[in-house]
Each structure stands twice: as C-alpha cells, then as structure tokens.
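Participant: Task: produce atomic coordinates for the following.
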Amino acid sequence: MTLIKWKNNANAVDRFPFMPSTLNDFFSDYLNDDVLQKDFFKSIPSVNIMESPADFKIELAVPGINKNDFKIEVDKGILTISAEKKEEVNDENQRYTRKEFSYSSFKRSFSLPDQADAEKVAAEYKDGVLMLNIPKKEEAKAKPAREIKVS
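Facilitator: Residues are numbered from 1 along each chain as shown. As a prediction, this is how the structure comes out:
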C-alpha cells in the first residue's frame, strides 16, 4: 500500500509568519488544525455536571477505556478521576506505515462543594460514559418549610 500525503503550503506562512518557510512547512505538516484538535481534546474528556435536590451527578465521555483502568479518588474535598490505557504489541513481524494510537491517559479534578457527601460517591461505566453520583449530606438537602406556632 502506498501512502500519498497531500501537502498544502498555501497557508503555511499565514499560520507561522515569524518563521522561515522551511520551518513553516515542517510545522504545517505536523501541527495542522486536525492534529492539534484531535490530540488535545482526546486527552481531556468532555464532562456534564448536574445538581438535583438530593445529589450531584458528573458524566465523562471516555469511550474505549476499560472500567478497571479508571482511578477515582477523593482527597481533601477534591474529586480526581484519571485513567490510563496502554496498548502493548510486541509483534516483530508487524510493520506500521503509520501508528497514531497506543497510549492515552487523562486526569480531571473537581472541587466538591461543602454539601457533598464524599464518603458515598458511586461510579458506573456504561456505553463509553463514566457516571458519578455524589449524594448531598442530609443536612444540606432542601427541606420543606416548617410552620411555627406562636404560643
């Protein structure tokens, strides 16, 4: 198989005007917008954070990771979620024309509010989404108004 690389030098000088054209060619080949976005955002999973009267929920989009690869810790009010995925292939007969993945990791930290019960954090991983449920402390949950009788 022949890999033909298309090279667009038309806007290389526009991207890096402070460099000589040979360096512009180098950087436009290796730091194009697609590569920057793909590699940068691959290491930072998207997150949804929700609050209800009873709890907080955090959802992280992390497809392709085994649930055993996650490490979730709470320390001094900081919730840290991390994962590491390694692909170890030691086949000496295998020659890659291009290899763009073999290792990925991420780490995200969140400050828990005072009303969160850090001792009861629960996690579930399903369909590429890591879901954390952080219940609120009983004293922090909204209670209905109480009428006080005057004596």
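
Participant: low-confidence ranges in the chain?
Facilitator: The model of the chain has pLDDT under 70 over residues 1-43, 87-92, 99-102, 140.

Participant: now the helices: where do they sit in it?
Facilitator: Assigned by DSSP state H, the helices in the chain fall at 12-15, 21-30, 33-42.

Participant: Just give the nearest non-adjacent residue to Leu112, would you?
Facilitator: Closest residue to Leu112 apart from its sequence neighbours, by C-beta to C-beta, 6 or more residues apart in numbering: Gly77 at 5.1 Å. C-beta coordinates here come from the backbone N, C-alpha and C atoms, glycine included.

Participant: Sorry, slip of the keys, the one I care about is Lys67.
Facilitator: Once flanking residues are discounted, Lys67 sits nearest to Tyr125: 4.1 Å by C-beta to C-beta, 6+ apart.

Participant: gap between that neighbour and Ile81?
Facilitator: Using C-beta to C-beta, to the nearest Å, we find Tyr125 at a distance of 11 Å from Ile81.

Participant: quick one, which of these two is more surrounded?
Facilitator: Ile81 (21 against 18; other C-beta atoms under 10 Å).

Participant: for the chain, what spans make up the strands?
Facilitator: Counting by DSSP state E, one finds strands in the chain at the ranges 47-51, 55-61, 70-75, 78-86, 103-111, 122-126, 129-135.

Participant: could I get these as CSV with distance to Lys141?
Facilitator: Formatted as CSV, the strands of the chain follow (distance: least, C-beta to C-beta, whole Å):
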stretch, distance to Lys141
strand 47-51, 12
strand 55-61, 9
strand 70-75, 20
strand 78-86, 19
strand 103-111, 20
strand 122-126, 17
strand 129-135, 9
